[in-house]
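quick one: sequence and predicted model below, then my questions.
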Amino acid sequence: QVQLVESGGGLVQAGGSLRLSCVVSGRTFSSYAMGWFRQAPGKERDFVAAINWSGGRADYADSVKGRFTISRNNAKNTVYLQMNSLKPEDTAVYYCAAGRVYRNYDSWGQGTQVTVSS
């Protein structure tokens, strides 16, 4: 397994932007599929976005399509989530995940809080 550390969360007004980062330990980052999930208070953890090992394939939840972009830099062992046009309903703890199979994850970060004020 690998270790994942998220950063970049914070408080932002509705309509604003944030970029989350997730740094992954180890020398095999480029072989991992990566994903972002989020969990709002009292709710289940939901899928947000996924990217394959090369960055050539990405998928998004319908609720974030056109507003969020997932990307990765394999030279920096980092995956990003650019979040634009943020809404109060995007408020949640955001988690980074890694796995050997696309959209099948077995390693998780500790999460970073994103709060969007109206």
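Arrived safely, thanks for sending.

only C-alpha atoms from now on, for both contacts and neighbour counts.
OK.

and Pro88, how far from Arg38?
Distance from Pro88 to Arg38, counting by Cα to Cα, to the nearest Å: 13 Å.

same question for Lys65.
15 Å.

one more: Cys22?
Remark: distance between Cys22 and Arg38 (Cα to Cα) = 14 Å.

which one's more surrounded, the two?
Cys22 (26 against 22; other Cα atoms under 10 Å).

right, and that one touches Val79 too?
Yes: Cys22 is within contact range of Val79, at 5.2 Å (criterion: Cα atoms under 8 Å).

and stretch 10-29, what's buried?
Across stretch 10-29, burial judged by 16 or more other Cα atoms under 10 Å covers Val12, Ala14, Ser17, Leu18, Arg19, Leu20, Ser21, Cys22, Val23, Val24, Phe29.

check what pLDDT the residue nearest to the fifth one when sequence neighbours are not counted gets.
Think Arg19. Leaving aside its chain neighbours, Arg19 sits nearest to Gln82 (4.4 Å; criterion: Cα to Cα, 6 or more residues apart in numbering). In this prediction, Gln82 carries a pLDDT score of 98.

start the count at 253 instead of 1 going forward.
Yes, from this point I'll number from 253; that puts the last item at Gln334.

can you pull up the bridge partners for Gln334?
Taking DSSP bridges as the rule, Gln334 bridges to Arg271, Thr321.

now for it, how many residues are close by?
Residues near Gln334, counting by other Cα under 10 Å, number 14.

repeat that for the one 3 residues further on.
Close neighbours of Ser337, defined as other Cα under 10 Å, add up to 15.
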